[in-house]
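1. predicted model and sequence follow; I will ask about them next.
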Amino acid sequence: MPGTAPARQGPRRKAPVLPKDKLLTTPNILSLYRIIVFPLILLFIISGRELLFAVFLVISLVTDVLDGLIARRFKLESELGARIDSIGDMGTYTLAFLGIFVFKWDVIAPHILPFLIFAGLCVLLVLTALIKFGRLPSFHLYSWKIGGYIQGLFFVVLFAHGFNPVLYYFMVVGQSVRTGAHRHPIAHPPNAVQCKRDLLGVAGAQNTLSPWSTTNRRYSSATTGCP
């Protein structure tokens, strides 16, 4: 109405910042290890040091198992931890596949077609998330984690005992089906129930705003993918 003063808006609140003791948790440190050691394992591949590559790769795969178990057991899950874990996972498995091409090409070459299909689907999933949401996907469905454990087992068996065709095809075909069939939680917006749960969780973390305030909706959209 004419003559009516515009409504005053309060200062925009920032997203909550976790204290340091919540950032440097054991799961986050294990995930950070995989990111930090990435250049070293890459150097082993470039220099042709297969034994060192295999040892450090197995250590990274073990940390991938431990960080999730510890986070769930002691309730240390966090958005930051999930993102660090995803970056570490993609780096570790990229190195693993690169190492297979460099050190085990002679045994993989006759079976390369299913692997290329699997790798292409994974790349497509990552590109879809980057194009649609501007960020890397977060592989935290149980089916994805189980698939990751199977891949880790295949790598260990391959470098310790040799190529196992049954385990190879179980890994490649199974993971290809999961990649093509599953709707990823980051690559696809969550449903309304999940959005409400995430919004309430954000409100609890901020402890100051209504769960349905404009600021919380904006922050939730950036962190959870909710509209």
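-> Thanks, I have it.
2. can you pull out the helices in the protein?
-> Secondary structure of the chain, counting by DSSP state H: helices at 20-23, 26-36, 38-46, 50-73, 79-103, 105-108, 112-133, 142-160, 165-181, 192-206, 214-224.
3. take the ones you listed and write them to a markdown table, including mean pLDDT and mean neighbour count.
-> (Each C-beta comes from the backbone N, C-alpha and C, glycine too.) Output for the helices of the chain, formatted as a markdown table (pLDDT from 0 to 100; neighbours: other C-beta atoms under 10 Å):
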| stretch | mean pLDDT | mean neighbour count |
| --- | --- | --- |
| helix 20-23 | 63 | 10 |
| helix 26-36 | 95 | 19 |
| helix 38-46 | 97 | 16 |
| helix 50-73 | 93 | 17 |
| helix 79-103 | 91 | 19 |
| helix 105-108 | 93 | 12 |
| helix 112-133 | 84 | 14 |
| helix 142-160 | 83 | 17 |
| helix 165-181 | 79 | 15 |
| helix 192-206 | 43 | 15 |
| helix 214-224 | 40 | 17 |
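4. find the nearest non-adjacent residue to residue 68, please.
-> residue 145 (6.6 Å; C-beta to C-beta, 6 or more residues apart in numbering).
5. for residue 82, see how far away that neighbour is.
-> Distance of residue 145 to residue 82, computed by C-beta to C-beta, to the nearest Å: 12 Å.
6. do the same with residue 111
-> Taking C-beta to C-beta, one finds residue 111 at 33 Å from residue 82.
7. same thing with residue 100?
-> Relative to residue 82, and taking C-beta to C-beta, residue 100 is found at 27 Å.
8. per-domain residue ranges of this structure.
-> By the assignment in automatic domain parsing, the chain contains the domains 21-188, 189-227.
9. residue 164 reaches residue 156, doesn't it?
-> No. Counting by C-beta atoms under 8 Å, residue 164 does not reach residue 156; the two are 10.5 Å apart.
10. hmm, back to that, what touches both of residue 145 and residue 82?
-> Counting by C-beta atoms under 8 Å, 6 or more residues apart in numbering, no residue touches both residue 145 and residue 82.
11. appreciated, that's everything.
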